[in-house]
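A.B. asks: what would the 3D arrangement of this be:
(one chain, ligands or ions: 2)
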Amino acid sequence: MTNKYYMPTRVILGDDCIVKNSELFTTLGKKALIVTGAQSAKRNGSEKDVKTALEAVGIPYLVYDKVMSNPTIACVYEGATLAKENGVDFIIAIGGGSPMDAGKAIALLAAQAIEEGNLFSGNYEKTVLPMAFVPTTAGTGSEVTQYSILTNDKAQTKTSIVTDLLFPTVTFLDAKYTERLGVVNTINTAIDALSHAVEGMLSVRASNVSDALAVASIRMIMSCVPDMLQALRALQAGTEVVLTLKQREQLLQASLMAGMVIAQTGTTAVHAMGYSLTYFKNIDHGRANGLLLGVYLKLVERVEPDLAGRILAAMNFTEAEQFRELLNQLLGEKEEISSEEIKQFSKMASQTKNIANCVVKPTEDDLRAMLALSFAQ
Ligand code: NAP
Ligand code: ZN
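C.D. replies: Ligands and ions are numbered 1, 2, ... in the order given. Reported below is the predicted structural model:
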């Protein structure tokens, strides 16, 4: 088996890194479209810093701030039309995975005409607008992946545009933008990053390079878990415990590294099933993965104990059950799932490419059992 490692995105980290590197924007183009969600980029200072940097180097911009969570196909076509009508020649996406994924699709659609029916085909011309990304959640790693994941109503799931064209040109990581991310969002997104690192190690495409990044990412996230749990308990008790900026930096860098992992390995059965939980039950992406991850690792532990053991060692655990219990604490009370839903979601997941990507390939029966166990209180 051969392996490859490809990650063409320039990564810039640190306090005030956007404003300190304003000149970089002049290498991307002459007019920018800033792509964000409705509120958070305005509240956490990231949009202001981007505007300050653009103004410092005389680059005009406009803002498309209509990206919703789990962005739709209509949203990215709307953003691309705005970009084309205004002669924009590069994209700056600010936010969580949703604005970043939308920003990628907008960069693609503004540079070439793609019919909706061909959007996920993978057959594109070799043009895309340059992209600068500012992640403000520490979870998806979209700032260093070649995936744009959109809500696909025709397929009743979330579907990825996958092409190396979608690697952002540059990404700026400044943890201060994540400081006011709420406890539940912080936990869900951290679990998403953890899931990327763990699933990367469980992928048939894992390599020594991706495993090294994954193990480091797992360790960094796990080092923040006790304080995340404390913050969750404080929230439940009506008080507040906040993570330190240092911890926010750890989580943001761990998420970056886990993104670098899945850019090489793809994801596995956990994400395959998670998409149905998000599409049909409106369960947050990271939380959906968290519900499934512990149960899947238990299956891996039975079939490939050495592989599971390496992942658990990075967490300082000896058994997958310890990890499942920890996830249960982080997730709190679970949603309900019907037997019809279990049947439907496991059938859908069994037909995805993610299953072929698993070292331990669950059967449809395994998927059914995993879904049922995932929702057990
Ligand atoms: P998100 O949907 O981008 O954002 C969730 C919520 O968090 C939004 O309400 C957002 O508000 C808010 N928010 C963002 N940053 C904040 C901050 N710093 N402070 C306070 N609130 C903030 O959530 P996400 O979990 O980051 O992204 C999930 C999406 O990423 C899913 O669509 C998933 O499929 C995708 N994903 C992509 C990849 C990839 O490789 N491309 C990998 C994993 C997941 P605003 O709307 O106001 O901004
Ligand atoms: Zn994910």
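A.B. asks: grab the CA positions of the one helix or strand Asp365 maps to and hand them over as PDB.
C.D. replies: In this structure, Asp365 is located in helix 364-374 according to DSSP states H and E. This file holds the C-alpha atoms of helix 364-374, laid out as PDB (Å, rounded to 0.1, in the frame of the first residue of the first chain):
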ATOM      1  CA  GLU A 364     -25.400  -3.100   8.200                       C
ATOM      2  CA  ASP A 365     -26.200  -5.200  11.300                       C
ATOM      3  CA  ASP A 366     -23.200  -3.800  13.100                       C
ATOM      4  CA  LEU A 367     -24.300  -0.300  12.200                       C
ATOM      5  CA  ARG A 368     -27.800  -1.000  13.500                       C
ATOM      6  CA  ALA A 369     -26.400  -2.200  16.800                       C
ATOM      7  CA  MET A 370     -24.100   0.700  17.100                       C
ATOM      8  CA  LEU A 371     -26.900   3.300  16.500                       C
ATOM      9  CA  ALA A 372     -29.100   1.600  19.100                       C
ATOM     10  CA  LEU A 373     -26.200   1.500  21.700                       C
ATOM     11  CA  SER A 374     -25.200   5.100  20.900                       C
END
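A.B. asks: rounded mean pLDDT for it, please.
C.D. replies: Regarding helix 364-374, the rounded mean pLDDT is 96.
A.B. asks: for stretch 19-33, same thing?
C.D. replies: pLDDT averaged over stretch 19-33 gives 98.
A.B. asks: from here on, call the first residue 637.
C.D. replies: Renumbered: residue one is now 637, and that last one reads stretch 655-669.
A.B. asks: just to be sure, Ile785 is in a helix?
C.D. replies: No: using DSSP: H, G, I helix; E, B strand; the rest coil, the assignment for Ile785 is strand, not a helix.
A.B. asks: near it, how many other residues are there?
C.D. replies: 26 (other CB atoms under 10 Å). Glycine gets a C-beta too; all of them are placed from N, C-alpha and C.
A.B. asks: cool, and Arg646?
C.D. replies: Neighbour tally, Arg646, other CB under 10 Å: 14.
A.B. asks: just give the nearest non-adjacent residue to it, would you?
C.D. replies: Among residues not flanking Arg646 along the chain, Val806 sits closest, at 4.4 Å (CB to CB, 6 or more residues apart in numbering).
A.B. asks: wait, what's in contact with the one you found?
C.D. replies: 645-648, 660, 664, 767-769 (CB atoms under 8 Å, 6 or more residues apart in numbering).
A.B. asks: do Thr880 as well
C.D. replies: Asp863.
A.B. asks: pLDDT score assigned to it?
C.D. replies: 97.
A.B. asks: tell me how far it lies from ligand 1.
C.D. replies: 16 Å (CB to the nearest ligand atom, to the nearest Å).
A.B. asks: ok, Thr805 to ligand 1 distance?
C.D. replies: For Thr805, the distance to ligand 1 - CB to the nearest ligand atom - is 16 Å.
A.B. asks: ok, Lys684 next?
C.D. replies: 13 Å.
A.B. asks: how would you label that residue: helix, strand or coil?
C.D. replies: helix.
A.B. asks: tell me the contacts of the residue of the chain most remote from its centre?
C.D. replies: Within the chain, the residue lying farthest from the chain centre (CA atoms, centre = their mean) is Gly694, at 32.1 Å. Counting by CB under 8 Å, 6+ apart, Gly694 touches no other residue.
A.B. asks: that one should be in a strand, yeah?
C.D. replies: No: according to three-state DSSP, the state of Gly694 is coil, so it is not within a strand.
A.B. asks: ramachandran angles for the spatially most central residue of the chain?
C.D. replies: For the chain, Thr776 is the residue whose C-alpha lies nearest the centre (CA atoms, centre = their mean; 1.7 Å). The phi and psi torsions at Thr776 (degrees, to the nearest 10) take the values phi -80, psi -30.
A.B. asks: try the one 5 residues further on
C.D. replies: Backbone torsions of Thr781, given as degrees, to the nearest 10, read phi -120, psi 170.
A.B. asks: which residues touch it?
C.D. replies: The neighbours of Thr781, taking CB under 8 Å, 6+ apart as the test, are 802-803, 895, 898-899.
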